[in-house]
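# Predicted model and sequence below, questions to follow.
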Amino acid sequence: MAEKNLSAYRKDGESMERLLDGRLKILQPLKGYRFSVDAILLASFFRERPGEHILEVGPGSGIISLILAVRSPDVRITGIEIQEDLADLARRNAAMNGLDDRVDMQWGDIRQIGRRFPPSSFDAVLFNPPYRRLQSGKINPDRQKAVARHEVEGSFADFLRGARQVLKPAGRVAFIYPAPRSIEALSRMRREKIEPKRMRVVHSYPDSEAQFILVEGLREGGEELHILPPLYVYRTGKEYSEEMNRIFQDLGTVS
């Protein structure tokens, strides 16, 4: 899309980032909630399949859904975002990239997902949920950041329960979550009859404790978990590891 047409989508107070060697443009707030490396990690970990209909819960600016749509032209993606301003932003990003025929960003609440979609609507569900409990530290005064980071408008359990309701038999769930809350995540998956099948542990540095887990589960799958080699984000200081550089290179991320 030509630069001169961006004014039709871009609002005051928004910046634009380019990914996938410039094939994807993402608008996001200058001061509100902005995507971070978490989204890049989940997009890299997830493997969509031809012809799938995928649900992303809490897409924010829509970066993950749009990466998948560019990467796999024959998938369809629906996003459900509880913050109306972010849902609008995600819709504009989809339209700006000419992907709104396959990427449908909706304003809604995952806790009421059954009112919006019938059972067995999606082949896969993925999400990057709020990480912090309401009682854990000071809540950010910025509403966008507070809802994205704290369990203000939904928890991991809500996201997983909603995913279970709309997944097809043998459908997949993928997410990123803090490593210290791994037991909670895996136990809740089994409670919802979503069996963990693939997991990768993310560390900031080779000698640091785990920071995140990336997990993919299968609805009513059998017991067998494949634990992938660990991923180190940094080599030293703020210098990215070789693997992270490869991930960024694959996405062609530039500002």
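The structure has been received and is ready for your questions.
# in what helix or strand does Y205 lie?
Under the criterion of DSSP states H and E, Y205 resides outside all helices and strands.
# you'd agree it is up against Y232?
Yes. Counting by Cβ atoms under 8 Å, Y232 is a contact partner of Y205 at 6.3 Å. Every residue, glycine included, has its C-beta placed from N, CA and C.
# Of these two, which one has the most company?
Y232 (19 against 14; other Cβ atoms under 10 Å).
# neighbours of the nearest residue to L225 once chain neighbours are set aside, just the number please.
Leaving out its chain neighbours, the residue that sits closest to L225 by Cβ to Cβ, 6 or more residues apart in numbering is P196, at 5.1 Å. If you count neighbours by other Cβ under 10 Å, P196 ends up with 23.
# and what of D158?
When neighbours are counted by other Cβ under 10 Å, D158 registers 18.
# for it, what are its contacts?
Taking Cβ atoms under 8 Å, 6 or more residues apart in numbering, we find D158 in contact with I110, R111.
# name the element it belongs to?
helix 156-166.
# Could you list the buried residues of that helix?
Of all the residues in helix 156-166, those buried under the rule 16 or more other Cβ atoms under 10 Å are F156, D158, F159, L160, R161, G162, A163, R164, Q165, V166.
# Hmm, the third one is touching V57, no?
Just to be clear, that refers to F159. Yes. F159 lies in contact with V57 (Cβ under 8 Å); the separation is 5.2 Å.
# ranges for the strands of the protein?
For the chain, applying DSSP state E gives strands covering 14-19, 24-29, 53-57, 76-81, 103-107, 122-127, 167-178, 194-203, 210-219, 226-227, 231-232, 234-236, 239-240.
# can I get those in a markdown table with mean pLDDT and distance to I63?
Shown next, in a markdown table, are the strands of the chain (pLDDT from 0 to 100; distance: least, Cβ to Cβ, whole Å):
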| stretch | mean pLDDT | distance to I63 |
| --- | --- | --- |
| strand 14-19 | 90 | 8 |
| strand 24-29 | 93 | 5 |
| strand 53-57 | 97 | 10 |
| strand 76-81 | 97 | 11 |
| strand 103-107 | 97 | 11 |
| strand 122-127 | 98 | 12 |
| strand 167-178 | 97 | 13 |
| strand 194-203 | 98 | 18 |
| strand 210-219 | 98 | 16 |
| strand 226-227 | 97 | 27 |
| strand 231-232 | 98 | 19 |
| strand 234-236 | 93 | 21 |
| strand 239-240 | 95 | 18 |
